[in-house]
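Chemist: Whatever this is, show me its structure:
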Amino acid sequence: MRRFRGYTTGIRALVYDRNAAIVSSAYTDFPVYHPSQDRVEQDASEIWSAGLAMIQKALAGAQLQPEDVTAIGITNQRATTVMWNRDTGEPISRAIVWQDTRTSDRAAELLPEWGEKAYSRPGWSLAPIYSSLSIEWILDNVEGAREEAQAGKLAFGTVDSWLIYKLTGGRVHAISASNATVAGCYDLLADEWYEEFLTALDIPMSLFPR
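Modeler: Presented below is the predicted three-dimensional model:
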């Protein structure tokens, strides 16, 4: 993915050979939405569709079939929050991009009690970039989301989780360790999701990828 003016605005697929030489590539832009001044959103379905199309185009350019690929790597915007329904595989809202600031007031509200603890465990200063605060916002503002989350019907992930989920036909719900840390709710000392903080936000642990 390419960064432009602080946002991720496009998807590039590359095919490498075993010597790391680029055999083929494909690129396309996709939109960023700004419903209000403090909001930056993207459509996770558009990310997937564009990604799949570019994979297909890059493979065609290299005259390869999917089974010819030995390994896949994903580089992505990191703290962007995607939530989807486990049964349908469809997002329940637009993805909240890492530069979105709608949770600024909530971060300030939590800071006196959680500022030091959050920094000492996830290793990030408590701020709107926390995916956990975006999750809380979605659960509180998307109709029926909290009830579905409590019933174990929803999944959360950053963009890598979303793409892995789609690429595996919904069989794998996972996240890279690096991306997990920027979610603001991963306990680096215990090497697990920061359950104490998530419980305080009333966020079910069932949402989270391995």
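Chemist: Quick check: which ranges of the chain have low pLDDT?
Modeler: Scanning the chain for pLDDT under 70 picks out 1-7.
Chemist: What segments of it are helices?
Modeler: 44-61, 104-120, 131-141, 145-150, 159-167, 177-181, 195-200 (DSSP state H).
Chemist: Return the distance of the most centrally placed residue in the chain relative to residue 39.
Modeler: Centroid check for the chain by C-alpha atoms, centre = their mean gives residue 158 as the closest residue, at 1.4 Å. Distance of residue 158 to residue 39, computed by C-beta to C-beta, to the nearest Å: 18 Å. No exception for glycine: its C-beta is placed from N, CA and C like everyone else's.
Chemist: Find the nearest non-adjacent residue to residue 186, please.
Modeler: Excluding its sequence neighbours, the residue lying closest to residue 186 (C-beta to C-beta, 6 or more residues apart in numbering) is residue 180, at 4.3 Å.
Chemist: Now for that neighbour, how many residues are close by?
Modeler: The number of residues packed near residue 180 is 27, by other C-beta atoms under 10 Å.
Chemist: Would you confirm that it contacts residue 191?
Modeler: No: Residue 180 is beyond contact range of residue 191, at 9.8 Å (criterion: C-beta atoms under 8 Å).
Chemist: related to what we said a few turns ago, what's the closest of the helices of the chain to residue 91?
Modeler: Of all the helices of the chain, helix 44-61 sits nearest to residue 91, with 4.3 Å by C-beta to C-beta.
Chemist: Report the buried residues of the closest one.
Modeler: 44-48, 50-51, 54-55, 57-59 (16 or more other C-beta atoms under 10 Å).
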